[in-house]
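# Let me see the structure of the following:
(4 chains)
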Number of protein chains: 4
Amino acid sequence: MIIVMNGKADDSDVERVIEKLHEMGHKVHISRGERRIILGVIGDVENLASVPFYAFNGVEEIIRILKPYKLASREFKDFDTIIKVKEVTIGGKEIVVMAGPCVVEDEKQIFETAHHVKALGAKILRGGAFKPRTSPYSFQGLGEKGLKLLAQAAKETGLAIVTEVMSVNQIDLIAKYTDIFQVGARNMQNFVLLKELGKLKKPILLKRAMSATIEELLLSAEYILSQGNYEVILCERGIRTFENYTRNTLDLSAVPALKELSHLPVIVDPSHGTGKWKLVSPMAKAAIAAGADGLLIEVHPDPKSSLSDGAQTLRLDTFTQLIKELRPIIQAVGREFALPTEYELERMKN
Amino acid sequence: MIIVMNGKADDSDVERVIEKLHEMGHKVHISRGERRIILGVIGDVENLASVPFYAFNGVEEIIRILKPYKLASREFKDFDTIIKVKEVTIGGKEIVVMAGPCVVEDEKQIFETAHHVKALGAKILRGGAFKPRTSPYSFQGLGEKGLKLLAQAAKETGLAIVTEVMSVNQIDLIAKYTDIFQVGARNMQNFVLLKELGKLKKPILLKRAMSATIEELLLSAEYILSQGNYEVILCERGIRTFENYTRNTLDLSAVPALKELSHLPVIVDPSHGTGKWKLVSPMAKAAIAAGADGLLIEVHPDPKSSLSDGAQTLRLDTFTQLIKELRPIIQAVGREFALPTEYELERMKN
Amino acid sequence: MIIVMNGKADDSDVERVIEKLHEMGHKVHISRGERRIILGVIGDVENLASVPFYAFNGVEEIIRILKPYKLASREFKDFDTIIKVKEVTIGGKEIVVMAGPCVVEDEKQIFETAHHVKALGAKILRGGAFKPRTSPYSFQGLGEKGLKLLAQAAKETGLAIVTEVMSVNQIDLIAKYTDIFQVGARNMQNFVLLKELGKLKKPILLKRAMSATIEELLLSAEYILSQGNYEVILCERGIRTFENYTRNTLDLSAVPALKELSHLPVIVDPSHGTGKWKLVSPMAKAAIAAGADGLLIEVHPDPKSSLSDGAQTLRLDTFTQLIKELRPIIQAVGREFALPTEYELERMKN
Amino acid sequence: MIIVMNGKADDSDVERVIEKLHEMGHKVHISRGERRIILGVIGDVENLASVPFYAFNGVEEIIRILKPYKLASREFKDFDTIIKVKEVTIGGKEIVVMAGPCVVEDEKQIFETAHHVKALGAKILRGGAFKPRTSPYSFQGLGEKGLKLLAQAAKETGLAIVTEVMSVNQIDLIAKYTDIFQVGARNMQNFVLLKELGKLKKPILLKRAMSATIEELLLSAEYILSQGNYEVILCERGIRTFENYTRNTLDLSAVPALKELSHLPVIVDPSHGTGKWKLVSPMAKAAIAAGADGLLIEVHPDPKSSLSDGAQTLRLDTFTQLIKELRPIIQAVGREFALPTEYELERMKN
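All right, here's what the predicted structure looks like:
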């Protein structure tokens, strides 16, 4: 950690900061420049994280050298984390497609979608039973009934499940049905929830909040990891910017950045990331080209009748088209995708 | 609601949208322009909120005319909501100052602060017992011990209490001690929490999330109001922008905007809003000049030793100075502030 | 155009707006709802663009249906604009790579770079002679000397040139040397400059300003087109957001969005878009996967000694690596890239 | 300057950076920590500004200690810059009101406005003759005819003039009429223009660009100052954020921040800052409470017929009301405002 004293700091100001550092058990290097005095503390400065040096007279700037997260960092663990769920591995050579409706509505909808996406190579079925909606007057999900439908569709197709948890008191119920817990963007800094999820033995798909920096996303992952659950999947789903043509601005540069800073798998949600179904396919392809380990895609047999996020949802046929366009990109980046047989592809057309 | 069909929409596209509108029980006005067809639905269109018209062929734009919130709007209630807590009224002519440390640390800290801010006219004591911290390695609060200290300090000074609730399972415990529940910025869209708070009989101080629009803040208030709790205090505390000199960008224009759109009281937190104690005083004055009903200020007897947010915290003497500078502004905008006696002010100096 | 009158608007308020619309030569459709009155004006409403309806009593919202740009829109021209510069076509099936140093420094630097990028399939040489620098104390470019070096390197290699113009009074000089004029992000709304460039017969590469919406970028293109110069190349180069790990946030969703809204070619600058050379390659690949027509890449034989933007600049060998990784992506999206011979690739390694 | 080497940097990486620093004439302090090596360069490091250390192997972070601007900083000049224009001083104890229409339209409009604002204590008349408009189809100003009308109205009322310059080739013409040159937000980084304005002997009102940080605003001021023109007035006019209820987000915390960092006067434009005339008055009051030295306000006798920005423009009577509300705030912060006589105020009502 480096503490820069401003030009007006006098000796007693400097002395008081040094005293505090000594009190906390640190050695201090002092560099006196013409216009600034710089204090350097080398080594493990964790216990200084909460010391408000800006409240000391004469302090101009505090510069922390080490990253504030550890378990999530590549420095802590130099090889990629690979998460195994049922027969699929996330974070390895395989590209994982998680697909399904925004929210589970009825048996027909979820079974039809499950069969379709399964045939096209998806390995994980997504679908919301508890939905965080901006307005209290919007459809909030079917609750346990939705979870049951999801579990039945997954069982019949052999898909694994990912579904959203919004609150600590939903954990036990959802744990009975899901393979992966999803933490939505609005709960990325619901620290009480993160801590409880850290005590589970199931993977957590953690979505970046719409105003979270890359560092904050990794700190939220750290909450889960530090409780003993090492299976966290990071998800870029668009950040909030001034641009309003798209629902969010999908920050694909976060993909290589996260892969560089962390060993955790990174997937991309181009549905929420753009808010427009026509942009889902180009951005899905771009995500894979940028190095993502997988995709989270909203698919619905009839988006026109869907109860949530229909504007960004692919139909079954447009999803088929996406997978077709995706395959050469996956090959181009040297990744793998368990392709459905030609028979199955043919069947999809009918 | 208005639906704009794009230039390429054909008759059957238009027909399908109209059919859906009829199916939902609405009359449709059709305006055919040279390059666009516009469908207007007049009246109460709540049941259309979840229909994903963008998923229909040929739909270019959906324009909702009515605000998506109701109970929080001035149209619903044309006079200001005034909330009474102990002897203080929030939202009336009086300017309410809520002050105290970011987090309750020990008896000396909270009692010393409580006595000081009370003497200077503050009516509500703030202090965190459960703290949402970005890093899992930061101090997370004293829990119930903190609540007890807060309650004792409040009792001795006659101040009311506001403290943060982070999760549904903390509500019962906190309700035993606090007068007002605070929902922090990171939980503004924790809808499970909002719904539960809507069932209480105590006021809720709802902070704007760092990436929430004014409309989203009002929709979150609507979650609480729609459950039957009409006592919501809105709080502007800075939004996240590209500027990094300040911790957040305090959006003071939200104050007159919220007062125009809603009947709920609006207060401002210049401590989190700026992140720098030197900016707290000018922004507190600006907030009152812009029409705020009150302020939420971080004060600590010794910010240098505080365990959280010391950089933005006022010392007792700088808080005294703030109140002195604030008084003429409060008078200038025709508001009131229950001033401490000269004797008390004198005592503060020693 | 649609004008929404608020709930408090009385008959005379409505009358005054209608009068104004009649005065401007328009027919008005009136829809009276329970809580709002809506006025619709169908047809060409260009002459209403400057009428400040918000200044009329009772007006709640103005909704413009038609896009404010025309010549740049797909509605105006339904087929892609293809721009031919020397032997390269921009906006067709071919992927165009524009590469070179941020700023021209000396003969060795520009010639070495030119030969290298040429051998790897680049068709256009970039290099700044006049540089907009945030600080007045940074190197501002070599001026005409830089243009001359650029022209010599281009001549020797057969590459075309793109270089930045910052001001109207530089146009004549730069026109003597360049094939394409680049308008930098900071000048995207320098309307005096745009108008003058609209009178030229050379293509304009128009970079998106760091806080410009997609619509504003198209309106700036419209400035050029409306003066008679139809050869505009749009360039996404990152927008400014709260994220500070990257220099800018590269908005790749702008690529398919611009291709949908406009017929103009779209290229991407991953160097400025990320600010970090390690992210250039993944984002270049993602840009092509998203549908970009080309790339603008900073390359320098020795970034460590470069006088500008060294942190985001590729070395010759990392540029070679980029092209190798790019080729399969280009094929995967069905585009073409004039590949260098194996002999040349081999030569590059030495 | 501090250079942090990452955990993987080896001795030769460190050596190469040190060599470069020696080559540039600097002494280096080396601190070896457990996980990082930190190189400190003390003293004047201007010549390192352009060295791209990030391009060196093993460099993790570059931290610049000194501010990149000098002449604009309080360290360079510790007392406030006061600018005298005709009889008004800007940056002193007096609050300066600059008011007038967005754009000069005709004689009646500008004379009526000039007389009105003069009578209410404004000292400077604003009005555009050359207007930067987002769309090429919007009214672009009257040009020299507008300047002439402005000059006549100023002469008759004794007001000084501020008007916008968009391009170097307009400087000579505008200089014949104006007292202060305004640089609009879109030209804040038009460095060619800034340099030319730095050679003039007239004050420059420099508006913050909508995506400029406080530091970038000061660097743009530095461009002007470094050419010898020390009379720069900084203007906060709102930044671009995700919030779209207001046209921009008026960043009032920039006012005390700029006053702390710089000696230059700071004014606020609440008209562009909010885009809504109803918010102008509360934000004007807040600006003064936050410490601004003056205001730039759009006023028009008939905003409904104005050719630009009517939605954010005050009428003559609402401007009168603003001044009445402003007076007590000005007194509350201990500033002065040359009040019009009661006779004049009375006259305004009629």
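# Let me see the ranges of the helices in chain A.
All helices of chain A, identified by DSSP state H, fall at A:11-23, A:107-119, A:144-157, A:171-175, A:191-197, A:214-225, A:254-261, A:270-274, A:277-289, A:316-332, A:342-349.
# Save those as JSON lines, and put in distance to chain C too.
Bear in mind the C-beta positions are built from the backbone N, C-alpha and C, glycine included. Below are those laid out as JSON lines (distance: least, CB to the nearest CB, whole Å):
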{"stretch": "helix A:11-23", "distance to chain C": "26"}
{"stretch": "helix A:107-119", "distance to chain C": "21"}
{"stretch": "helix A:144-157", "distance to chain C": "29"}
{"stretch": "helix A:171-175", "distance to chain C": "31"}
{"stretch": "helix A:191-197", "distance to chain C": "20"}
{"stretch": "helix A:214-225", "distance to chain C": "5"}
{"stretch": "helix A:254-261", "distance to chain C": "4"}
{"stretch": "helix A:270-274", "distance to chain C": "5"}
{"stretch": "helix A:277-289", "distance to chain C": "4"}
{"stretch": "helix A:316-332", "distance to chain C": "4"}
{"stretch": "helix A:342-349", "distance to chain C": "18"}
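# Least confident of these, on average?
The minimum mean pLDDT among the helices of chain A belongs to helix A:342-349 (a mean of 54).
# what's the closest of the helices of chain A to residue C:248?
helix A:254-261 (12.8 Å; CB to CB).
# Can you give the contact residues for that closest one?
A:67, A:73-74, A:208, A:214, A:217-218, A:234, A:236, A:264, A:266, A:268, A:287, A:290-292, C:243, C:245-246, C:278-279, C:282-283 (CB atoms under 8 Å, 6 or more residues apart in numbering or on different chains).
# Dump the helices of chain A to JSON lines, plus mean neighbour count and distance to residue C:36.
Below are the helices of chain A laid out as JSON lines (neighbours: other CB atoms under 10 Å in any protein chain shown; distance: least, CB to CB, whole Å):
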{"stretch": "helix A:11-23", "mean neighbour count": "14", "distance to residue C:36": "61"}
{"stretch": "helix A:107-119", "mean neighbour count": "20", "distance to residue C:36": "35"}
{"stretch": "helix A:144-157", "mean neighbour count": "19", "distance to residue C:36": "36"}
{"stretch": "helix A:171-175", "mean neighbour count": "15", "distance to residue C:36": "42"}
{"stretch": "helix A:191-197", "mean neighbour count": "23", "distance to residue C:36": "40"}
{"stretch": "helix A:214-225", "mean neighbour count": "25", "distance to residue C:36": "41"}
{"stretch": "helix A:254-261", "mean neighbour count": "23", "distance to residue C:36": "41"}
{"stretch": "helix A:270-274", "mean neighbour count": "28", "distance to residue C:36": "31"}
{"stretch": "helix A:277-289", "mean neighbour count": "27", "distance to residue C:36": "30"}
{"stretch": "helix A:316-332", "mean neighbour count": "19", "distance to residue C:36": "36"}
{"stretch": "helix A:342-349", "mean neighbour count": "12", "distance to residue C:36": "46"}
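# now the ones you listed as JSON lines including distance to residue C:329?
Below are the helices of chain A laid out as JSON lines (distance: least, CB to CB, whole Å):
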{"stretch": "helix A:11-23", "distance to residue C:329": "51"}
{"stretch": "helix A:107-119", "distance to residue C:329": "25"}
{"stretch": "helix A:144-157", "distance to residue C:329": "32"}
{"stretch": "helix A:171-175", "distance to residue C:329": "39"}
{"stretch": "helix A:191-197", "distance to residue C:329": "36"}
{"stretch": "helix A:214-225", "distance to residue C:329": "24"}
{"stretch": "helix A:254-261", "distance to residue C:329": "15"}
{"stretch": "helix A:270-274", "distance to residue C:329": "17"}
{"stretch": "helix A:277-289", "distance to residue C:329": "6"}
{"stretch": "helix A:316-332", "distance to residue C:329": "5"}
{"stretch": "helix A:342-349", "distance to residue C:329": "23"}
